[in-house]
Each structure stands twice: as structure tokens, then as C-alpha cells.
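**Student:** Take a look and give me a structure for this.
(one chain, ligands or ions: 2)
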Amino acid sequence: MAAAARVQCHNNTSLTGSPLPRRRRNSPTLHFSPNRVNFTPLKWIGDGSSSCTRMVSGPSLKGGTTTVRAALEEEKKTDAVSEVVEEEKRFTCVMKFGGSSVATAERMREVADLVLTFPEESPVIVLSAMGKTTNNLLLAGEKAVSCGVSNASEIEELSVIKELHLRTVKELEIDPSVVSSFLEELEQLLKGIAMMKELTLRTRDYLVSFGECLSTRIFAAYLNKIGVKARQYDAFEIGFITTDDFTNGDILEATYPAVAKRLYDDWMDDPAVPVVTGFLGKGWKTCAVTTLGRGGSDLTATTIGKALGLQEIQVWKDVDGVLTCDPTIYKRATPVPFLTFDEAAELAYFGAQVLHPQSMRPAREGGIPVRVKNSYNPKAPGTIITKTRDMTKTVLTSIVLKRNVTMLDIASTRMLGQVGFLAKVFSIFEDLEISVDVVATSEVSISLTLDPSKLWSRELIQQASSCQILKHFVLFRGLIFVPCKQELDHVVEELEKIAVVNLAKGRAIISLIGNVQHSSLILERAFHVLWTKGINVQMISQGASKVNISLIVNDAEAEGCVEALHKSFFESGDLSELLIQPRLGNGSPVRAMQVEN
Ligand SMILES: Nc1ncnc2c1ncn2[C@@H]1O[C@H](COP(=O)(O)OP(=O)(O)O)[C@@H](O)[C@H]1O
Ligand SMILES: N[C@@H](CC(=O)OP(=O)(O)O)C(=O)O
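**Tutor:** Ligands and ions are numbered 1, 2, ... in the order given. Down below sits the predicted model:
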């Protein structure tokens, strides 16, 4: 990113393959140059030949501007030049900042500085809600259901949200009216929930949307204040169309052209850095605000990346990239420099909070690299995620833990043949809208695990830090979900019509993300480690994705397993050396001669 991007084109030939819609011509040509805290004319450097070269950034403005004018006059605004001029208006990247990156006024300032340190970029900014605001909104909503209308204004989390946002605008010295009407509306909404004594999924999505609506308004106002022209956008107003699955909306195809058109049209009319709400969309039938699932701002960023055909998607977090395991589980986790979309998607699906499970899809489809960076440590190289990478020396990339998993062993009562049996089992899960994570089958039985975030009631009770009985609950993004016994009983009841069911709670999935081409080496290591610790693996599955091997163990033992596995795979020498030294059963390397034989 440090080097200036150069785009070369030949006169009278258009730039081919541009994913951008055609735009009005002859509009003023503007370039995002944050060093000057304003937009400046782009620079051109004529090379005297039949081709012209556009310098996207560089030290001198003067000569470049003259050259543009000369070129425009000389060429009488030929198609080729017009195309180059249009090309210049492209956004180059999307920069998404998560809640931890914009948790306070100071952090917002740092993020603005960070954006300004990339003068060669013409970014679209995506923001999440400040700090823990989404969790606080959810908790406030839950409390409102039972607190009574007269107490709704006193909900502790509402005060925390108000205080944080008012303090932030004050510290950033921007007009409080940017947030005040939203905060009043939020209070009214909580009173409404208290009056109805009900919090539907639709209302819940509307409620949490306040977080991103507030953070983006503050940040855009701050950029404007420091002289960088910025424009705030609510994603649900600019074409983010989703399914009507409240709390878990899926982005629909219509989103891509709609978002591209809106952002480009606005830029052409009045150039300004777009600051877009992450996480939010609009249901295509209901037209109500939807959310993309927790952590959904990553998906917003990759969707914009694909829509605009950008060069890069950056997701800025509070860690030095994707790490070899969750640093809150084992602190000696280290950054993984390169990942494929498949590895990242698998890692996210199997529980690594660092990325939204669906977020890799648009990036993969658009072939756009995703860079995971640390906004607290921008110098760290981070992780770059691309379609392919050299896997020859890769054994294991990362270890992911998904906790509080329920495992079901389902054995056929032989009322159905094998094919009918599997189909019936899965149709039961489909009817009950319960996701299955890991599956292992034999002719007459099937073992599987259920996705805890789907299975367990959405009822929130309290924040993790104050809970004494953590082990009995699903912990998800700092919130605790109480188990919904009814839901589970219902699954078992349905399955028992065709099978004998054994239900085991308190399990964990340890996913080994890596090169499954070397599965024997991975499994040999993993089983050796677990055997040494006296741990029995209860189920194993090698995913069709070719990047994941999942092991099911008791939840209580899971963290210890991750730590031991991490030590063995990442802290005891370079495993790739073993790839050219196949081992004998006793663990000793085979001699080169024997390999050749
Ligand atoms: N393999 C992993 N690599 C990096 N972070 C991980 C991993 N697994 C879990 N995490 C957690 O994900 C967090 C970052 O994700 P998230 O909280 O969604 O960031 P943000 O809110 O900034 O987008 C980290 O602080 C870390 O605790
Ligand atoms: N604010 C939403 C969306 C999001 O993406 O957040 P973050 O980027 O902080 O993970 C959430 O907490 O789920």
C-alpha cells in the first residue's frame, strides 16, 4: 500500500474490465489527499509517448495539474482520457473499523489519523458501534421488556450509552445535535418495548441499529471538522438489501449494483469520504432494518469491496491479524501472515470471533484481498487473505475452539433404510431451523453437533463479567444466553420417532485449520498430544473443505487441549520439515533411502 498505485492506459483504448458502472463525464476530477485535509486535483505525468500514465499519489501537484489540462485540450477529451479521468474517481479500498477500534473519542481520533496516513488511498470507511454498545443495546432491550414504562429511562445500559456518546462528541468538539435526537429516540424506543412487554427480533434489530447509526455520524462529523470532507450513510438507505431474517439477514445480489450506484453517484455530485454503518441492512419484503449477525460489519466491508471492485478490503481490529488461536484462550498465539478465503471462512464458521462467518464470500467472489490489521498497532503486517497461497509448507494454520456444543448420537431403529434415515434426520433439523456443525455417519447411526448460537434461546440475562454460573450458559460475544430446554427437548422428541437418541451436552469442537493434504501428520500430532493429556476424542470429522479437521472433546478439557496443541504445533520447531521426512510408526524419521524405495 505504501507505493503509489500506477494505472497505465493507451490513448483511444478504454480501460477494460472495469467493474464500475459508466458515469457522467467531464465532472471535476478530484482526488482524496488527506495530507492536505481536502480534495485536490489528481496528478498526471505525461510520458511523451502515445500512452499516458496516471500517478495516484506523489510529491508534487503543480506540474501534474498542468499536464492534465494539456492532455485534456490536446486530446479533446477523447474517450480514453475520459475513461482515465473516470478511473481516477474510483475508491481504492474499504477500511472497516470494529467496535474496539472506535471505542472512545481518543480512539476515533487515532482512527482518523490512521486513515490520513494513507494519502494514496481513496477509502470507503465502514464502522461498527462504539465499544460494547451493541451488547449494551441488547441488554437494555431485554431489561425494558420487564422493567415497566416508568423505569425504562433509568435502565443502566441506556445511561452508559448516552454517557459514552455525549462524552465522545464533547471530547471531539463536535455538535451534540449529531447524536442527541438519536439518543432521545432510543429512550422512546425502550419505553415502547417496556409498554409492549415484548422484544421481537425485528424490534431488536432496529434497537441495535442505533449503535452504528451513532458511531458513523460522530466519525463523519469529526472528519468534516478536521477538514476531510466526509458523508455519513446508513447502509439500509443506500441499497443493502437482505432477507427478512431479523438478527441474521443474508445480503441479496441486488445490493451490489445499488450500493455501487449510490456511492459513485454521490461522489460524482459532491466528493466526500463515505462513512457507512456496518452490520445493518434493509429487509427486502418488510423494508425494516435488519442486521447481518454479530460481527456483521466485516460482511458490510467485503460487500462494499465487491460492489465497487476495490483493490483491497481492510478490516482493522484489536489484534495483530488472524492469530494461531484465540489470544483470550492462549496468550502465546501469534499472527498468521497468509490465509486463503477458504481457511478464513472455515476458521470464522467454527467460532473464531475475529471474522464474520459469511464475510469471505463477497471477497472471494470479487477476488479482492482482505487484510486484517491492528488499529492499535498499525505497523504490524497483519494477515492477508487471498484466493490461493503456497500451501506446500503449510501444516497447521490456526486452532479454533467452539464451546458449549451439544452432541447427539442418533441410531436408526431400522424403520427406515440408510438413505431415508439420513434424509429424515436432516429434515427434522431443517424444520426446526437448527444448524448442524460437525457430522459423522455410519450405516445406521449418525453423530452430530448443534450450533450453540442457533440452538440456545436468544434470551439474554447478564453480562459475562458479573455471572457466577458461566459454565452453564452459552457465552457469545460477551453475552450469556440461557439454554432453551424446550427447543432441545423438541429436537429429541422428533428424532426419537425414528431413532434412539443419546444427547451429550458440554462438549467443545476443536477445529484444526490447515492443509488437510497432510492430515496424517496433523492427526498423528494431535492425537499424540491428546493421548499424553489422557483425553479421549469423542468424534472426529475431516471437512469437505479440505482445510479443517474437527475434534470433539469435553468442554471442561477444551482450553487445556488448545494450549497443548498450540505448543506442539506452533512452539516446538518447524513442522514443515517433517513433510520431507515421513515418520515411522514409532515416531522416528524415515531415512532418505527408505523414502526413495
Ligand atoms: N484466531 C483468532 N485470531 C485473532 N483474534 C481472535 C481469534 N479468535 C478469536 N479472536 C478474538 O477476536 C477479537 C477480534 O474480533 P472482534 O472483537 O470482532 O473485533 P472488532 O470488534 O474490532 O471487529 C480479538 O480480540 C480476539 O479476542
Ligand atoms: N456492532 C455489531 C457489529 C460488528 O461487526 O461489531 P464488531 O466489528 O465490533 O465485531 C456487533 O457488535 O456485533
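**Student:** so where's the stretch 301-450 of the chain shaky on pLDDT?
**Tutor:** Applying pLDDT under 70 to the stretch 301-450 of the chain picks out residues 414-419.
**Student:** I meant to write the chain there.
**Tutor:** Applying pLDDT under 70 to the chain flags residues 1-89, 414-419, 452-487, 543-545, 577-597.
**Student:** Quick one: name the residues of it near ligand 2.
**Tutor:** Proximity of the chain to ligand 2 (Cβ under 6 Å from any ligand atom) is limited to residues 98-99, 128-129, 134, 211, 278-279, 294-297. No exception for glycine: its C-beta is placed from N, CA and C like everyone else's.
**Student:** if we go to 8 Å?
**Tutor:** 96-101, 128-129, 133-135, 208, 211-212, 278-279, 291-298, 300, 317, 353, 356, 477 (Cβ under 8 Å from any ligand atom).
**Student:** care to break the chain down by domain?
**Tutor:** 6-88, 93-130+215-389, 397-592 (automatic domain parsing).
**Student:** Hmm, D245 is touching T291, no?
**Tutor:** No: judged on Cβ atoms under 8 Å, D245 makes no contact with T291 at a distance of 9.6 Å.
**Student:** of those two, who's got more company?
**Tutor:** The neighbour count for D245 versus T291, taken as other Cβ atoms under 10 Å, is higher for T291 (28 against 16).
**Student:** Please name the nearest non-neighbouring residue to that one.
**Tutor:** Nearest residue to T291 in three dimensions, chain neighbours excluded: D205, at 4.7 Å (Cβ to Cβ, 6 or more residues apart in numbering).
**Student:** Just want the phi and psi numbers for the closest residue to ligand 2 within the stretch 201-350 of the chain.
**Tutor:** Proximity of the stretch 201-350 of the chain to ligand 2 (Cβ to the nearest ligand atom) peaks at S297, 3.2 Å away. As for S297, its main-chain torsions (degrees, to the nearest 10) stand at phi -70, psi -30.
**Student:** My guess is it contacts K96. True?
**Tutor:** Yes: counting by Cβ under 8 Å, S297 does reach K96; the two are 5.7 Å apart.
**Student:** got any residues that touch both of those two?
**Tutor:** 126-128, 278 (Cβ atoms under 8 Å, 6 or more residues apart in numbering).
**Student:** ok so, going back, most tightly packed of the domains of the chain?
**Tutor:** domain 93-130+215-389 (a mean of 21; mean count of other Cβ atoms under 10 Å).
**Student:** now it, how far from the centre of its chain.
**Tutor:** Distance, stretch centre to chain centre, for domain 93-130+215-389: 7 Å (Cα atoms, centre = their mean, to the nearest Å).
**Student:** Could you look up the SS state of the nearest residue in space to T200 that is not next to it in sequence?
**Tutor:** Nearest residue to T200, sequence neighbours excluded (Cβ to Cβ, 6+ apart): F246, at 7.7 Å. With DSSP: H, G, I helix; E, B strand; the rest coil as the basis, F246 sits in coil.
**Student:** Please state the backbone phi and psi of F246?
**Tutor:** Recorded main-chain torsions at F246 are phi -60, psi 140, according to degrees, to the nearest 10.
**Student:** Tell me the bridge partners for I410.
**Tutor:** Applying DSSP bridges to I410 gives these bridge partners: I446, V501.
**Student:** I figured it hits S442, correct?
**Tutor:** No: using Cβ under 8 Å, I410 is not in contact with S442, being 10.7 Å away.
**Student:** one step back: among the shared contacts of S297 and K96, name the ones in strands.
**Tutor:** Among those, DSSP state E puts 126-127 in strands.
**Student:** And the shared contacts of S297 and K96, which is closest to ligand 1?
**Tutor:** S128 (5.7 Å).
**Student:** In the stretch 301-450 of the chain, mark out all the strands, start to finish.
**Tutor:** Using DSSP state E, counting those that start in this stretch, the strands of the stretch 301-450 of the chain run over 312-317, 338-340, 370-374, 383-386, 396-412, 436-441, 445-450.
**Student:** Is it possible to get JSON lines of those that adds distance to ligand 1?
**Tutor:** JSON lines is the format used below for these (distance: least, Cβ to the nearest ligand atom, whole Å):
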{"stretch": "strand 312-317", "distance to ligand 1": "4"}
{"stretch": "strand 338-340", "distance to ligand 1": "10"}
{"stretch": "strand 370-374", "distance to ligand 1": "8"}
{"stretch": "strand 383-386", "distance to ligand 1": "8"}
{"stretch": "strand 396-412", "distance to ligand 1": "5"}
{"stretch": "strand 436-441", "distance to ligand 1": "17"}
{"stretch": "strand 445-450", "distance to ligand 1": "19"}
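**Student:** got these as TSV, with distance to S541 columns?
**Tutor:** TSV is the format used below for those (distance: least, Cβ to Cβ, whole Å):
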stretch	distance to S541
strand 312-317	29
strand 338-340	20
strand 370-374	27
strand 383-386	24
strand 396-412	11
strand 436-441	5
strand 445-450	9
